[in-house]
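1. predicted model and sequence follow; I will ask about them next.
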Amino acid sequence: MPGTEHDHDDPKRFTQEECFNVVWNHRLLFSTNTLETDNHVLADAIRGGDGDSSQHGMIAVIDAGVANTNPGLVSALEDYVKAHRVSLPELRSVHITPGGELAKNDPKVVEEILTLINEHRICRRSTVLVIGGGAVLDSAGYASAIAHRGVRMVRMPTTVLSQADSGVGVKNGINRFGKKNFTGTFTPPNAVVCDTELLKTLDQSEWITGFSEVVKIALLRDAGLFEGMEADAARIRGRDLSTAMRYITESARLHLEHITRGGDPFELDEARPLDYGHWSAHKLEQMTDFELRHGDAVSIGIALDSLYAGMIGVESEDSVGRTIALLEDLGLPIHHPAMRDGKNLLEGLQEFREHLGGKLTITLVTEPGSSIEVNEIDTKTMMRAIEELSSRT
């Protein structure tokens, strides 16, 4: 219990312990045509509760892939800030940065953003606006978190995966020593603004890969959501945006609620349910030199853990079959040639334990909407599951 212990006979002995809480408003907003000047969603998100926002500065970091597929984006952003300049910070620089896993593998990406923060006098009350996929959100978020011990950051995720999952989170990370997210912080964004129109410019593979995280949260939290995806898989795969957005927004909401109401936003406990399927996903990314997309790796990881859970009697045969069928119906992969090196893949368990801290804790689904935590993995059975998935063509 918090309190003070003071030995009056020994002035050198003094112990005091206090408990404190920090209140944070985690703001998630979905909008359409966000950069049209009559749309106030982004302006309100950047301003937040700061009445002096216009007195500060802002830099924008934009994913090169997003800039290329949306050629008018930079000028639209500049026009938007000008139209709202009475309440928004001065836009001092727009920086185009490499997207994809390169953003997390190359330390120069973070260094360039830190240099911009310094050169353009971005203070703790100034803003870094990040527009891009999950990797760019991670690298720019990391730079923002370590500059001045924390500069305000507003995210605009532009992929299915980042709008449905990673962009909502409160952590960032870059890859070091060939390991996923070895360096990073827990730093909540000041706001997350998702523009649904930006999803229309994704290529098909980038569109589909993000739905692995939607399947994941459905398996963990919502059997009805899972059943809906089974019924709508063809529409989702066919890019029916109105159908897909129901699942993207619901996934984002469930992730947000888990983070803010689950009692462990900074993952101090050993269990990390939101990392279901991720121990092997992260290792597969590493084994393929990060050529395998994160969402595709997560899909394979879900299939692998589901098959393993079925083999040890934790998950029903029906649930395993439905899970793998849904992944395939969506057009997601359930195996990769790198899995043939099963011994190397199994090393991901130890690396995952190190990433968690403490003992190994793996989430396994028992049926859609329900899961358990286990602290041991039968490596022989897991190898059987790896071999079975690897044999599928």
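-> Perfect, thanks for sending it.
2. where are the low-confidence patches of the protein?
-> 1-9, 11, 270-271, 393 (pLDDT under 70).
3. for it, which helix is longest?
-> helix 241-261 (DSSP state H).
4. any idea how far whichever helix or strand comes after that helix is from the chain center?
-> Per DSSP states H and E, helix 241-261 leads on to helix 278-287 as the next helix or strand towards the C-terminus. Centroid displacement of helix 278-287 relative to its chain, using CA atoms, centre = their mean, to the nearest Å, is 15 Å.
5. pull helix 278-287 out as CSV, backbone CA atoms only.
-> Provided in CSV are the C-alpha atoms of helix 278-287 (Å, rounded to 0.1, in the frame of the first residue of the first chain):
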residue,chain,number,x,y,z
HIS,A,278,1.6,-13.2,-33.8
TRP,A,279,4.4,-15.3,-32.3
SER,A,280,4.9,-17.2,-35.6
ALA,A,281,3.8,-14.2,-37.7
HIS,A,282,6.7,-12.1,-36.4
LYS,A,283,9.2,-14.9,-36.9
LEU,A,284,7.9,-15.6,-40.5
GLU,A,285,8.4,-11.9,-41.3
GLN,A,286,12.0,-12.2,-40.0
MET,A,287,12.6,-15.4,-41.9
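6. and that helix, what does it pack onto?
-> Here helix 278-287 touches strand 179-186, helix 294-311, helix 342-356, going by 3 or more CB pairs under 8 Å, 6 or more residues apart in numbering; DSSP states H and E. Quick note: C-beta positions are derived from backbone N, CA and C, even for glycine.
7. so which of those is nearest Asp269?
-> For Asp269, the closest of these is helix 342-356, at 9.1 Å, according to CB to CB.
8. need the three-state assignment for Val314.
-> Recorded secondary structure, Val314: coil (DSSP: H, G, I helix; E, B strand; the rest coil).
9. Asn172 too?
-> strand.
10. looking at it, it is touching Asp138, isn't it?
-> Yes: using CB atoms under 8 Å, Asn172 is in contact with Asp138, at 4.8 Å.
11. so what's in contact with these two at the same time?
-> Between them, Asn172 and Asp138 share these contacting residues under CB atoms under 8 Å, 6 or more residues apart in numbering: Gly184.
12. related to what we said a few turns ago, adding distance to Leu73 and mean neighbour count, write the helices and strands packed on helix 278-287 out as a markdown table.
-> Below are those laid out as a markdown table (distance: least, CB to CB, whole Å; neighbours: other CB atoms under 10 Å):
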| stretch | distance to Leu73 | mean neighbour count |
| --- | --- | --- |
| strand 179-186 | 27 | 17 |
| helix 294-311 | 23 | 26 |
| helix 342-356 | 35 | 17 |
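13. how about the ones you listed in CSV, adding distance to Glu78?
-> Converted to CSV, the helices and strands packed on helix 278-287 look like this (distance: least, CB to CB, whole Å):
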stretch, distance to Glu78
strand 179-186, 30
helix 294-311, 31
helix 342-356, 40
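14. out of the ones you listed, nearest to Asp203?
-> helix 294-311 (13.0 Å).
15. moving C-terminal of that closest one, what's the next helix or strand?
-> Next along the chain from helix 294-311, counting by DSSP H and E, comes helix 317-329.
16. tell me how far the nearest residue to Arg221 once chain neighbours are set aside lies from Gly331.
-> Nearest residue to Arg221, sequence neighbours excluded (CB to CB, 6 or more residues apart in numbering): Leu254, at 5.1 Å. Distance, Leu254 to Gly331, by CB to CB, to the nearest Å: 22 Å.
17. more crowded one of these two?
-> More crowded of Leu254 and Gly331, by other CB atoms under 10 Å: Leu254, with 22 against 18.
18. tell me the contacts of the more buried one?
-> Ile217, Arg221, Asp222, Leu225.
19. contact partners for the closest residue in space to the third one that isn't next to it in sequence?
-> The one in question is Asp222. Of all residues not flanking Asp222 in the chain, Gly369 sits nearest, at 5.7 Å (CB to CB, 6+ apart). Applying CB under 8 Å, 6+ apart, we find Gly369 in contact with Ala218, Leu219, Leu220, Arg221, Asp222, Ala223, Gly224, Phe226.
20. the first one contacts Ala233, correct?
-> The one in question is Ala218. No: counting by CB under 8 Å, Ala218 sits too far from Ala233 to count as a contact (11.9 Å).
21. between those two, point out the one with more neighbours.
-> Ala218 (27 against 20).
22. contacting residues around the more buried one?
-> Neighbours of Ala218 in contact, by CB under 8 Å, 6+ apart: Leu225, Phe226, Met229, Ser251, Pro368, Gly369.
23. ok, back up a step: between the helices and strands packed on helix 278-287, which gets nearest to Asp10?
-> strand 179-186 (38.2 Å).
24. report all helices and strands that the following helix or strand past that closest one contacts.
-> Once strand 179-186 ends, the next helix or strand along the chain (criterion: DSSP H and E) is strand 191-195. Judged by 3+ CB pairs under 8 Å, 6+ apart, strand 191-195 is in contact with strand 28-31, helix 41-47, strand 152-157.
25. okay, the ones you listed in a markdown table with mean neighbour count and distance to His336 next?
-> Below are the helices and strands packed on strand 191-195 laid out as a markdown table (neighbours: other CB atoms under 10 Å; distance: least, CB to CB, whole Å):
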| stretch | mean neighbour count | distance to His336 |
| --- | --- | --- |
| strand 28-31 | 17 | 32 |
| helix 41-47 | 20 | 38 |
| strand 152-157 | 26 | 25 |
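26. can you redo these as JSON lines with distance to Met245?
-> Shown next, in JSON lines, are these (distance: least, CB to CB, whole Å):
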{"stretch": "strand 28-31", "distance to Met245": "8"}
{"stretch": "helix 41-47", "distance to Met245": "16"}
{"stretch": "strand 152-157", "distance to Met245": "14"}
